[in-house]
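Enquirer: I would like the atomic coordinates for the input below:
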Amino acid sequence: MKLQNILVVCVGNICRSPMAEFFLKENCLNHQIESAGLSAMVGHGADEKAIQCMDQLNINMRSHVAKQINSTLIKNADLILVMSNNQAQHIEKQWPSAKGKVFRLGHWKGQNVPDPYKHDQNFFNESCQNIQTYVKDWLPHL
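Expert: Have a look, this model is predicted:
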C-alpha cells in the first residue's frame, strides 16, 4: 500500500505535529502531508519556541496555521502519525475506520514524544531532535 497522504496529530497542533509535518515535507516531496490537533488551537500559528528550533535547521514553518482533526482528514489519510499511545487509542475509538493506519511517530523506537508546550527552549530543542529522528525512521517505509 502506498502511503501517499500522511496526517500528523498532536494535541494543540502548534508544537509537535507541525514540526513533524515540516520535517516530512522536507523529505517527502511527492506526498500530501498535513497536521492537526485533537484539541487544536485553531487559527494559531506554530509556537515561537518550535519556530526557533526549526529555524536552526533552516526550515521555515511560519506559514503553519493550527487546525482541528476531523473525519475528512482521517478518511483521506493513508497513515496517521500521533505522539503517544493515548492519542492513537483516542483516534481509533473516535474514528474506528482509522484502525490499522494510526501509529506513533516514535513507533520504530517504541517511544512517545513528550509535549514541550509551556516548557523551556531546551525541552523544545530535545523534542525537535527526537521528532527529526523519528521522521527519519519512517522515511524508508513511505
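Enquirer: what secondary structure does the residue nearest in space to the middle of the chain sit in?
Expert: Central residue of the chain (Cα atoms, centre = their mean): Ser17, 2.7 Å from the mean position. With DSSP: H, G, I helix; E, B strand; the rest coil as the basis, Ser17 sits in helix.
Enquirer: give me the low-pLDDT residue ranges for this protein?
Expert: 1 (pLDDT under 70).
Enquirer: which residues in it form strands?
Expert: All strands of the chain, identified by DSSP state E, fall at 5-10, 32-37, 79-82, 102-104.
Enquirer: Show me the contact partners of the lengthiest helix in the chain.
Expert: Counting residues, the longest helix found in the chain (DSSP state H) is helix 121-138. For helix 121-138, the external contacting residues (Cβ atoms under 8 Å, 6 or more residues apart in numbering) are 15-16, 19-20, 23-24, 27, 47, 49-50, 52-54, 57, 81, 105-109, 111, 113-114, 116. In short, each C-beta sits where N, CA and C put it, glycine included.
Enquirer: one step back: between the strands of the chain, which one is nearest to Ser63?
Expert: Ser63 lies closest, by Cβ to Cβ, to one member of the strands of the chain: strand 32-37, at 12.1 Å.
Enquirer: Quick check: Lys75 vs Lys99, distance?
Expert: Look at Lys75 and Lys99: by Cβ to Cβ, to the nearest Å, they are 13 Å apart.
Enquirer: right, I mislabeled it, should have said Asn5
Expert: In this structure, Asn5 and Lys99 are 17 Å apart, going by Cβ to Cβ.
Enquirer: So the two - more neighbours on which side?
Expert: Asn5 (17 against 11; other Cβ atoms under 10 Å).
Enquirer: contacting residues for the more buried one?
Expert: 31-33, 76-79.
Enquirer: And the residues you listed, which is closest to Arg62?
Expert: Closest to Arg62, out of all of the contacts of Asn5 and judged by Cβ to Cβ, is Ile33, at 16.9 Å.
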